[in-house]
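Asker: no sequence for this one, just the structure:
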């Protein structure tokens, strides 16, 4: 079949069907309409470039121009972010912010709140960088961590997204955290509360749920899940939203690779160590050492004749 | 040493060596020649933008222009995809499609077939989005899922790639699924057959093999492997290609994080639950609950004096 | 609040605070200053495009122009890489290379050394591609592996980064390996020593530590960790850097998904097989078969009435 003819004659019907499915779907869900992921990523680029000038640029920058760069990055982030927040409020918070002016004011307020928090976020990220340096013998200096550790990527985005989550901004914090997940394999829900000096080594496969609480000086390795045990359903069989479902990890805890800690009532007491692949669904007191009483694997030999 | 001199004087010899290795290699393998990954990714961008207008754009789009956008995206995807398929057929299917005209006709046919299927794919993706909403208490609405769940990224690409796989298009479906893997950490072979209302939570580390069959309403968590036990070798010691090697998961099954289910004869009966980290290499009947009789980890305390 | 006013009036103070934090931090660490990740990624793009002409381009290239493309790619890579290395030496190796001329000479030398090694790297990558073909029944030809296997992405970047690591280039090899980690979920430290014919199937979650030694013909699956048991601290409680902490895997070993092998004294003898999820912290002799004596999971049924 000739492709161009088909594209001109028959394809528009396919496009129309797709449009209809999208319109029905979006209308039913009262969503904010057609929103682009790319703008959220652009905002994150500008914010992270302001936090760590030079790191995310295409070309090295001159130290003497750092101030100008930071200012420009913040300016760009602010305008886009405020627009995004206003859009996110449009339908989802229709009860709360009735007029465009109300929405715009609130969006500006939140944007300014976040930007004012950037220096504090940056100071906390210094403690996270320091924790990585102290926690990994392979790290030769803190610049290496800044330039090559997925931990810092994931945590810097989490700390930004968490501020927006706390201000009840819909959608955008989750889009940010999923971008971090995509970059690093580390999936931190923006609702989690995470203290300073946090380090995730390697990180691929880490999952930290929405209602986790993590104290300071916690170190976790790749493949660790801090998740939900199971979740109650409402009378219609739908999961009930907004319940504490994830564990609390007190300060100074180390959790080795592949450990799974589940449940909203589970508290891992401070200064505990959780061994690799441990499956834990109840609380343990402070200073606990939790290891699998792992039977040695069976070793046989098959020397070829 | 002066770099520019070296680049002008000695480097061309290195380039020539590299060219020779590539020519030898490509020639030996009778491959389609020099193909770019980026075009495959561009085709996917256009197709996914047609499925979910606005989501992948750099800027929010106007609802009234959705129809034009969808049409343009399909048009762009169609031309590039048809060229790619023709190229992929060129050598790999030399027996089957001898002339350029035959290859071009078949490439156009397949391209049109895929585009005609887009509305159906989009409807199925709605069931996947719904399944994510019902399966995750953290999801507040279906737009959040569309904009921030890796599950939808991976499954939308899988559902496109699977159509091309079914049409025996070489290479391109695998390039598409590997792109999804790169974005999400979810590795679904395009050959797998997956029913509607499929949800993968978090997803990092999930592997779904080529000959898997998955019923509808299945939910799986991060780190789940649906893989091969081992595979037979031919008389030359090479793995025999094209045998059923991966399990069948019937409808309504839930598989928790880190479970490994292996083997072409393994069937997980409908409405079963497979617990976290379970290692399963044989069939289980419907309504099974499969859990590790996990010995409690040993807990000791090391309170410092 | 009006956003523009705030940006003009109050924002500069935030920017100043951020600048100060960054200056203090960078100064304290004597780092190379403001370095961009993107240039490192660009160098990798050019080098990989020279190794595999066509694969990473936006459009398919003509075979007859492969030589020109390779030459151009190398030229671009060389100039940027030499500048990056010189910068990396600037502070970190202040003792060693005191003058700009010394640093520039050494940077050029190393750049030329790497480029001269490209044909050898490319030949070794052919053995890795061949290993993937022989190790995966789903692979239909070696071009499919080149175009769609994360293994080749990760290993090609590793083999480049390892050459720079051996030449004691600071920072840049780790930035390269972390880029591979981001693309593939496979985290190979550039310090590891890995023989030819190496294959990683699926790969998400694989971690290979800095002081690993891996023989030829080794195959590993997703989620395998070759890591450190624990590490000694110096008198100040800081981890001692530069000690052998990771295992040695002799030739012909296969390690299945999720296995964890730890410790600098651990040697897995040649032609051994390590089963899925095995936790191994001591040496095993050649031809060993190491499997978990896995208790069958408990299966119950819950048929609804």
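Answerer: Perfect, thanks for sending it. Fair warning: this is a prediction, and the values are worked out from it, not measured in the lab.

Asker: Between its first and last residues, what's the separation in stretch A:280-291?
Answerer: Across stretch A:280-291, the terminal residues are separated by 10 Å (C-alpha to C-alpha, to the nearest Å).

Asker: avg pLDDT for it?
Answerer: Averaged across stretch A:280-291, the pLDDT comes to 94.

Asker: looking at chain A, which helix or strand is least sure?
Answerer: Lowest by mean pLDDT, DSSP states H and E among the helices and strands of chain A is helix A:11-28, with a mean of 81.

Asker: Which strands and helices lie in contact with it?
Answerer: Under the contact criterion of 3 or more C-beta pairs under 8 Å, 6 or more residues apart in numbering or on different chains; DSSP states H and E, helix A:11-28 touches helix B:37-51, helix B:66-92, helix B:100-135. Where C-beta positions appear, they are placed from N, C-alpha and C, glycine not excepted.

Asker: closest to chain C out of those?
Answerer: helix B:37-51 (4.6 Å; C-beta to the nearest C-beta).

Asker: Pull out the buried residues from that closest one.
Answerer: Within helix B:37-51, the residues that qualify as buried are B:37, B:39-51, counting by 16 or more other C-beta atoms under 10 Å in any protein chain shown.

Asker: Kindly report the same for stretch A:239-255.
Answerer: Within stretch A:239-255, the residues that count as buried by 16+ other C-beta under 10 Å are A:239, A:245-255.

Asker: returning to that earlier point: can you flag the weakest of the helices and strands packed on helix A:11-28 by average pLDDT?
Answerer: helix B:66-92 (a mean of 89).

Asker: Check which helices and strands that one sits against.
Answerer: Packed next to helix B:66-92, using 3+ C-beta pairs under 8 Å, 6+ apart, are helix A:3-9, helix A:11-28, helix B:37-51, helix B:100-135, helix B:172-184.

Asker: Give me whichever of those helices is most buried.
Answerer: Mean neighbours per residue, mean count of other C-beta atoms under 10 Å in any protein chain shown, is largest over the helices and strands packed on helix B:66-92 for helix B:172-184, with a mean of 24.

Asker: tell me the mean pLDDT for that one?
Answerer: The pLDDT scores in helix B:172-184 average 96.

Asker: can you check stretch A:236-246 too?
Answerer: For stretch A:236-246, the per-residue pLDDT averages 79.

Asker: ok, back up a step: which stretch among the helices and strands packed on helix A:11-28 comes nearest residue B:17?
Answerer: Nearest to residue B:17, of all these, is helix B:37-51, at 23.8 Å by C-beta to C-beta.

Asker: and the closest one with chain A, contact?
Answerer: Yes - counting by C-beta under 8 Å from any C-beta of the partner chain, chain A has neighbours in helix B:37-51: B:50-51.

Asker: Mind listing residues that contact that helix?
Answerer: Applying C-beta atoms under 8 Å, 6 or more residues apart in numbering or on different chains, the contact partners of helix B:37-51 are A:15, A:18, B:55-57, B:69-70, B:73-74, B:76-77, B:80-81, B:84, B:118, B:121-122, B:125, B:156-157, B:160, B:172, B:175-176, B:179, C:55-60, C:147.

Asker: need the contact list for the residue most central in space within chain A.
Answerer: With distances taken as C-alpha atoms, centre = their mean, residue A:177 lies nearest the centre of chain A, 2.8 Å away. When contacts are counted by C-beta under 8 Å, 6+ apart, residue A:177 touches A:157-158, A:161, A:187-190, B:148.

Asker: Which members of those residues occur in strands, if any?
Answerer: A:187-188 (DSSP state E).

Asker: which one in the contacts of residue A:177 is the model shakiest on?
Answerer: Within the set of these, pLDDT is lowest for residue B:148 (91).

Asker: Do I have it right that that one meets residue A:173?
Answerer: No - with contact defined as C-beta atoms under 8 Å, residue B:148 does not reach residue A:173; the gap is 9.1 Å.
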